[in-house]
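1. heads up, no residue letters with this:
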């Protein structure tokens, strides 16, 4: 039995300039991967992830339900003939959600939560797609690697 409820927080590690646009405009890039367009987050707040991803910043999303619904609505508007799903990546075993959600055991530390869309027609272009979902400032924040809870 798998639980597909979104985690309480999602984390995206990356360059501060990219994550400032994500926070202020809700701008994200969907990237081609295994026949899907994907957007990945981590369920983990971890200082190790900064080095792992070569990041200097982390976008922390506190209202994952609102965020997920806004992401899916934006992609539906941009790519109307695509089907989307989001869920936890499984490591070292084939995921029930399929290849886009399956990774090797060596990547388990990432604790990935992935949004993925696949075309419902075979002639779809597999280029990166930029989406904007509006400001996330009401329920998200940027943290540096030096952030510690009070």
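-> The structure has been received and is ready for your questions. Quick caveat: nothing in here was measured; it's all calculated off a predicted structure. Residues are numbered from 1 along each chain as shown.

2. Which elements pack onto the helix or strand of the chain with the lowest mean pLDDT?
-> Least confident helix or strand, the chain: helix 47-53 with a mean of 90, by mean pLDDT, DSSP states H and E. Contacts defined by 3 or more C-beta pairs under 8 Å, 6 or more residues apart in numbering; DSSP states H and E place helix 47-53 against strand 10-14. Where C-beta positions appear, they are placed from N, C-alpha and C, glycine not excepted.

3. mean confidence score for the next helix or strand after the strand it packs on?
-> Later in the chain than strand 10-14, the nearest helix or strand by DSSP states H and E is helix 16-25. If you average the pLDDT over helix 16-25, you get 96.

4. Neighbouring strands - and their directions - for the helix or strand following helix 16-25?
-> For helix 16-25, the following helix or strand on the C-terminal side (DSSP H and E) is strand 27-33. Using DSSP bridges, strand 27-33 pairs in its sheet with strand 36-42 (antiparallel), strand 129-132 (antiparallel).

5. would you turn those into JSON lines with mean pLDDT, mean neighbour count and distance to residue 139?
-> JSON lines is the format used below for those (pLDDT from 0 to 100; neighbours: other C-beta atoms under 10 Å; distance: least, C-beta to C-beta, whole Å):
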{"stretch": "strand 36-42", "mean pLDDT": "96", "mean neighbour count": "22", "distance to residue 139": "14"}
{"stretch": "strand 129-132", "mean pLDDT": "96", "mean neighbour count": "15", "distance to residue 139": "16"}
